[in-house]
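K.L.:
generate a structure from the sequence data that follows.
(2 chains)
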Amino acid sequence: DTEVTQTPKHLVMGMTNKKSLKCEQHMGHRAMYWYKQKAKKPPELMFVYSYEKLSINESVPSRFSPECPNSSLLNLHLHALQPEDSALYLCASSHGGLETQYFGPGTRLLVL
Amino acid sequence: AQKVTQAQTEISVVEKEDVTLDCVYETRDTTYYLFWYKQPPSGELVFLIRRNSFDEQNEISGRYSWNFQKSTSSFNFTITASQVVDSAVYFCALSEAVTNAGKSTFGDGTTLTVKP
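P.N.:
Residues are numbered from 1 along each chain as shown, chains lettered A, B, ... in the order given. Here you go, the predicted structure:
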């Protein structure tokens, strides 16, 4: 089973809203990732969790707040976003930093 | 710094043609890993292949084949007898074992359109 699930598939939010993106994997992976992808661009790494601890934060604005409640779950809390934050948000997981990352289907976020 | 270049932004072929997607990388590490991913219009990145820097054997999987050449820092991907379902954006990625460990650098992607 190489499935990573993400909810919701689509999200529309205003700039004053608070919302959360969820990601789940049951492959026993110890590393989980959040990426942001704008149209016609490659994925950009935002955060990496390793063994449930934040190991990499790519200088992401504080309006994005990651959380890893357990080894299978990864959340991304959103607050006071800007229209330029509209993008596809991808979650991935792997056994470790050099191992293959398996991606979820993504959440398409639109900030109005 | 690690860098991945996919010089072909867009490629269009007719079904059954063979097509090669180029990937050139830069790294100072001696141990690294290279990947290819496919991203169909639905958005999910689908893993295709992973190759480490010590394994230069070419690989074939059905209609897909990969040519890894360290001498030219290239890891090219060929689709034989292309099909409409191959239409997607293809990304090449690099992960270094030491420098930037834990991060993957993606190329800008090549959009492949296969016409019937």
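
K.L.:
hmm, which helix or strand of chain A has the shakiest average pLDDT?
P.N.:
strand A:53-57 (a mean of 91; mean pLDDT, DSSP states H and E).

K.L.:
list the helices and strands it packs on?
P.N.:
strand A:44-50, strand A:64-70 (3 or more Cβ pairs under 8 Å, 6 or more residues apart in numbering or on different chains; DSSP states H and E). Bear in mind the C-beta positions are built from the backbone N, C-alpha and C, glycine included.

K.L.:
and the most centrally placed residue in chain A, what does it touch?
P.N.:
Residue closest to the mean C-alpha point of chain A, counted by Cα atoms, centre = their mean, is residue A:34 at 3.2 Å. Each residue near residue A:34 by Cβ atoms under 8 Å, 6 or more residues apart in numbering or on different chains is listed here: A:23, A:45-47, A:66, A:74, A:76, A:89-91.

K.L.:
which of the helices and strands packed on strand A:53-57 is buried the deepest?
P.N.:
Compared across the helices and strands packed on strand A:53-57, strand A:44-50 shows the largest average neighbour count, a mean of 20 (mean count of other Cβ atoms under 10 Å in any protein chain shown).

K.L.:
what pairs with that strand, parallel or antiparallel?
P.N.:
Taking DSSP bridges as the criterion, strand A:44-50 forms sheet pairs with strand A:31-37 (antiparallel), strand A:53-57 (antiparallel).

K.L.:
please identify the most buried of those.
P.N.:
Scoring these by mean count of other Cβ under 10 Å, the most buried comes out as strand A:31-37, with a mean of 23.

K.L.:
what's the angle between that one and strand A:64-70?
P.N.:
When axes from the mean of the first three to the mean of the last three Cα atoms, to 10 degrees is applied, the directions of strand A:31-37 and strand A:64-70 differ by 150 degrees.

K.L.:
residues from chain A in reach of chain B?
P.N.:
A:2, A:31, A:40-43, A:45, A:48, A:50, A:55-56, A:88, A:90, A:92, A:97-98, A:100-106, A:108 (Cβ under 8 Å from any Cβ of the partner chain).

K.L.:
out of those residues, which are buried?
P.N.:
In the residues of chain A next to chain B, burial by neighbour count holds for A:31, A:42-43, A:45, A:48, A:50, A:56, A:88, A:90, A:92, A:97-98, A:100-106, A:108, counting by 16 or more other Cβ atoms under 10 Å in any protein chain shown.

K.L.:
my read is that residue B:16 contacts residue B:81, right?
P.N.:
Yes. Residue B:16 is within contact range of residue B:81, at 5.2 Å (criterion: Cβ atoms under 8 Å).

K.L.:
partner residues bridging residue 36?
P.N.:
All of this is about chain A. Bridge pairing for residue A:36 - DSSP bridges - gives residue A:44, residue A:89.

K.L.:
that was the other one, I meant chain B.
P.N.:
Going by DSSP bridges, residue B:36 forms beta bridges with residue B:49, residue B:92.

K.L.:
residue B:64 now?
P.N.:
The partner residues for residue B:64, given DSSP bridges, come to residue B:61, residue B:79.

K.L.:
what lies in contact with the one helix or strand residue B:12 maps to?
P.N.:
Using DSSP states H and E, residue B:12 sits in strand B:10-14. Applying Cβ under 8 Å, 6+ apart, the external contacts of strand B:10-14 come out as B:19, B:21, B:82, B:110-116.

K.L.:
cool, thanks, talk later.
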